[in-house]
Structure formats: structure tokens, C-alpha cells
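> Pasting the sequence and the predicted coordinates here, then a few questions.
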Amino acid sequence: MGASSGTVDTLMSDFLRKSGGVAVIDGGFATELERHGADLNDPLWSATCLLTSTNLVRQVHLDYLEAGADIIITASYQATIQGFEAKGFSKEEGEAMLKKSVDIAREARDVYYERCHESSTVFTSDGRILKHRPILVAASVGSYGAYLADGSEYSGDYGDAMNLEFLKSFHRRRVQVLAESGADLIAFETVPNKLEAQAYAELLEEGIINIPAWFSFNSKDGVNVVSGDSLTECAKIADSCPKVVAVGINCTPPRFISGLIQSIKKVTTKPILIYPNSGETYDAEIKQWVKNTGVADVDFVSYVNTWCEIGASLVGGCCRTTPNTIRAICRTLPNRSSMP
């Protein structure tokens with residue numbers, strides 16, 4: 001698809017209208033790669049598969065499309081030019097890897113559309129065949145903390161010396177490459193603090209990016225973002241940026257989502273997106289999900305219609321959710337309930 005500057009304002013509203021009012025985002029990506037045997041014990045995390053397992057990346061995208069996802073998010077969350085350079089690649093090779101993440105997602109969409117054309121098995125809620133439902137490719141941008149791979153993406157603590165200009169410089173070329181690679185929008189994910197939200201907003205306002213974006217924050221207390229910064233203040237930054245077409249929450253336990261939606265609604269009328277994790281806890285030191293406190297798919301999905309009723313327009317899953325989670329979400333949504 002791709003969005004020109006003239007369609008930035010309408011891309012999300014048109015997409016949601018064509019999706020029946022609620023669109024479905026895909027689920028956990030890195031944890032799904034691991035479930036298929038990928039070893040992600042690497043500073044590049046899921047992006048290491050751009051070097052070693054492109055077929056697996058494509059297959060996971062396809063699995064989510066087959067499950068009913070309307071938006072697939074690229075394997076670029078922890079892919080940075082600086083990260084690739086630290087592994088011995090040139091700047092040009094790092095940029096090529098970023099572009100590849102978008103190419104693979106677009107290829108998966110093309111394959112899925114071809115399968116739909118051949119089988120004609122995708123239906124709308126009133127039984128009409130929908131061979132080519134709208135599907136967006138969102139280019140993932142993880143935080144500076146994700147690049148550090150030290151758990152600071154879950155605390156937002158970058159040290160007292162961190163400043164706005166550094167963050168803008170760190171992200172600028174990466175975001176520009178992703179935006180020019182054919183993605184439909186940029187997904188600024190797991191934004192941990194107000195400073196990084198401001199850096200993203202100012203980059204968007206520079207005019208170097210001609211596609212829309214969403215901002216998705218994370219919370220560990222159900223009130224603030226993980227740094228302790230006010231969620232409403234962070235959401236106000238997103239609301240004030242014309243290129244931001246949706247704002248919401250990801251990688252946060254399901255039990256917190258309803259309250260967070262209510263907080264976001266106080267400061268924006270933009271579409272609200274939510275894609276929580278399974279509710280399990282990630283230990284950044286040992287780099288493992290621990291404390292089996294997550295919720296089963298049936299319990300996760302029981303929240304979905306409430307989230308939509310109170311304001312969410314885009315719903316999916318983050319870490320430890322699977323294509324089965326997304327399939328269950330699709331089946332519970334009134335506008336998608338007749339999907340196979």
C-alpha cells in the first residue's frame with residue numbers, strides 16, 4: 001500500500017471503516033519465533049532472524065494473517081543501524097536489513113492475498129466473500145532501551161545524561177529508512193518515557209517521513225508509563241502530532257488495559273490501539289519470561305469486547321500471545337465472528 005503525504009490524515013480512518021470499525025493487530029513476534037526454535041539470545045533479539053531465518057520471519061507473518069490479523073508488524077523492533085554495526089556490518093548493510101524487514105512483511109501479505117484469491121475463504125460478518133481485506137504493514141521501531149538490550153526499555157531509565165537531541169539523532173536515519181521501504185505506517189512501540197515520545201514526535205515533524213505513525217506506550221502499574229512519567233502527558237504528545245494516527249498501549253498485562261484506555265481517552269480523540277502481553281513477567285537480567293502468571297487465551301479474549309466498548313479501535317497481542325490468541329480475538333469480535 002504505502003501512504004503519500006496527502007493520505008496521512010485519512011489512512012487510519014479509512015482503514016478502520018473498511019475493517020468494520022475494529023481492526024486486529026498481530027500477536028507476539030519474537031516469542032513466536034522462539035516457539036518455532038529460533039535462538040534469540042542476541043542483542044539484535046528478533047532482528048537476528050533477518051540475518052539467519054528470513055523464511056521463518058515470513059512464515060510467522062503468514063500465520064498471523066491466516067489467523068485474521070489486519071496489521072502485521074515487522075521484525076525490526078530491535079533492528080538498528082548501530083546494532084548491526086556492532087555486529088560488524090556496514091551502515092549500508094544495516095540499512096538493507098531494515099528494508100528487508102519491510103520487504104518480508106510485504107511479501108507475506110502478497111502470498112496471503114494470493115492464497116485468498118485461490119481459496120475464497122475469507123468472509124465478512126454478513127457472509128460476503130472478501131478476497132482482499134485491507135492489510136497494513138507497520139514498521140516497528142523499538143526504543144533506545146531495546147537497542148541497549150539491558151532491560152531499560154522496561155524502566156525508561158536512560159540515565160541523567162540522556163537528552164532529546166541524542167535520541168533524535170539515534171533514531172533519525174533508522175526511521176527514515178523504514179518509512180521509505182514501503183511500509184504503510186511506523187509503529188513506535190513500547191515507548192517507555194516522555195522524553196523518547198517527544199523525540200519521536202519531533203522527528204515526525206521534521207518532514208523527513210511521509211507516512212503516518214502510531215505511538216504505543218507500556219505500563220507496569222496501570223497508571224503511568226514504565227518510567228513513572230504520566231501516561232496522559234505522554235499521550236498528549238502523541239495527540240499533538242499530526243502524523244500520529246493512533247495512540248495506545250502494548251506489552252502490558254491485560255488486567256491494566258481498561259483503566260489505561262480510560263486515561264488515554266481523556267486527552268485524545270485519535271483511535272486507541274491496545275496489544276497487551278500475556279500477563280507474564282519478563283526478567284531482563286536473565287532474559288526470560290518467568291512467574292507463570294499469564295492468562296490463557298480464553299481469559300485474554302474475554303477482555304476484548306470490553307476494551308472495544310470503552311474505546312479501543314485496534315486490538316491485538318504482544319509478547320507470549322500467539323496466532324491462536326489472534327484467531328480467538330477475531331472470533332469474538334462482532335464484525336469478524338463469521339470468519340472461519
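Everything's here; your move. For clarity, every value in this text was computed on a predicted model and none was experimentally measured.
> In contact with residue 311, which residues?
Counting by Cβ atoms under 8 Å, 6 or more residues apart in numbering, residue 311 makes contact with 261-262, 264-265, 272. C-beta coordinates here come from the backbone N, C-alpha and C atoms, glycine included.
> List only buried entries from these.
261, 264, 272 (16 or more other Cβ atoms under 10 Å).
> Look up how far residue 86 lies from the nearest residue to residue 48 once chain neighbours are set aside.
The shortest distance from residue 48 to any non-neighbouring residue, by Cβ to Cβ, 6 or more residues apart in numbering, is to residue 42 (4.5 Å). Separation of residue 42 from residue 86 (Cβ to Cβ, to the nearest Å): 11 Å.
> neighbour count winner among those two?
residue 42 (18 against 13; other Cβ atoms under 10 Å).
> Just to be sure, that one is in a strand?
No: per DSSP: H, G, I helix; E, B strand; the rest coil, residue 42 lies outside any strand segment and is coil.
> Look at it and report its pLDDT.
Looking at residue 42, its pLDDT is 84.
> so it makes contact with residue 50?
No: at 11.3 Å, residue 42 and residue 50 do not qualify as touching, with contact defined as Cβ atoms under 8 Å.
> Can you list the buried residues in the helix or strand containing residue 34?
Assigned by DSSP states H and E, residue 34 falls within helix 30-35. Of all the residues in helix 30-35, those buried under the rule 16+ other Cβ under 10 Å are 30-34.
> Moving C-terminal from that helix, which element do we reach first?
helix 49-52.
> Would you map the strands across this protein?
23-24, 71-73, 136-141, 185-191, 213-217, 244-250, 272-275, 281-283, 288-290, 312-315 (DSSP state E).
> Any idea how far the first one is from the middle of the chain?
When distances are taken as Cα atoms, centre = their mean, to the nearest Å, strand 23-24 is centred 12 Å away from the chain's centroid.
> and if you look at the fifth one?
What separates the centre of strand 213-217 from the centre of its chain is 8 Å, taken as Cα atoms, centre = their mean.
> Tell me which other helices or strands it touches.
Applying 3 or more Cβ pairs under 8 Å, 6 or more residues apart in numbering; DSSP states H and E, we find strand 213-217 packed against strand 185-191, helix 194-205, helix 231-240, strand 244-250, strand 272-275.
> partner strands of it, parallel or antiparallel?
Partners of strand 213-217 in the sheet, by DSSP bridges, are strand 185-191 (parallel), strand 244-250 (parallel).
> Same list, those, but as a markdown table with mean neighbour count and distance to residue 26 please.
Putting the strands paired with strand 213-217 into a markdown table (neighbours: other Cβ atoms under 10 Å; distance: least, Cβ to Cβ, whole Å) gives the following:
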| stretch | mean neighbour count | distance to residue 26 |
| --- | --- | --- |
| strand 185-191 | 28 | 11 |
| strand 244-250 | 26 | 11 |
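> Output those strands as JSON lines; include the columns mean pLDDT.
Shown next, in JSON lines, are the strands paired with strand 213-217 (pLDDT from 0 to 100):
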{"stretch": "strand 185-191", "mean pLDDT": "97"}
{"stretch": "strand 244-250", "mean pLDDT": "98"}
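> Distance to residue 134 for those - can I get that in TSV?
Formatted as TSV, the strands paired with strand 213-217 follow (distance: least, Cβ to Cβ, whole Å):
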stretch	distance to residue 134
strand 185-191	13
strand 244-250	14
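> From what I see, residue 313 and residue 269 are in contact.
No: at 11.1 Å, residue 313 does not count as touching residue 269 under the criterion of Cβ under 8 Å.
> out of the two, which sits in the busier spot?
Per other Cβ under 10 Å, whichever of residue 313 and residue 269 has more neighbours is residue 313, with 21 against 8.
> show me what contacts the closest residue to residue 198 other than its chain neighbours?
Counting by Cβ to Cβ, 6+ apart, the nearest residue to residue 198 once its immediate chain neighbours are dropped is residue 237, at 5.6 Å. Residues in contact with residue 237 (Cβ under 8 Å, 6+ apart) are 194, 197-198, 201, 215.
> are any of these buried, and which?
For the contacts of residue 237, buried by 16+ other Cβ under 10 Å: 194, 197-198, 201, 215.
> Once you drop chain neighbours, what's closest to residue 216?
The nearest residue in space to residue 216 (Cβ to Cβ, 6+ apart) is residue 250, at 4.3 Å.
> so how far is residue 86 from that neighbour?
26 Å.
> ditto for residue 166
17 Å.
> Equivalent analysis for residue 211, please.
28 Å.
> hmm, back to that, out of the contacts of residue 311, the closest to residue 228 would be?
The closest of the contacts of residue 311 to residue 228 turns out to be residue 264 (Cβ to Cβ; 17.3 Å).
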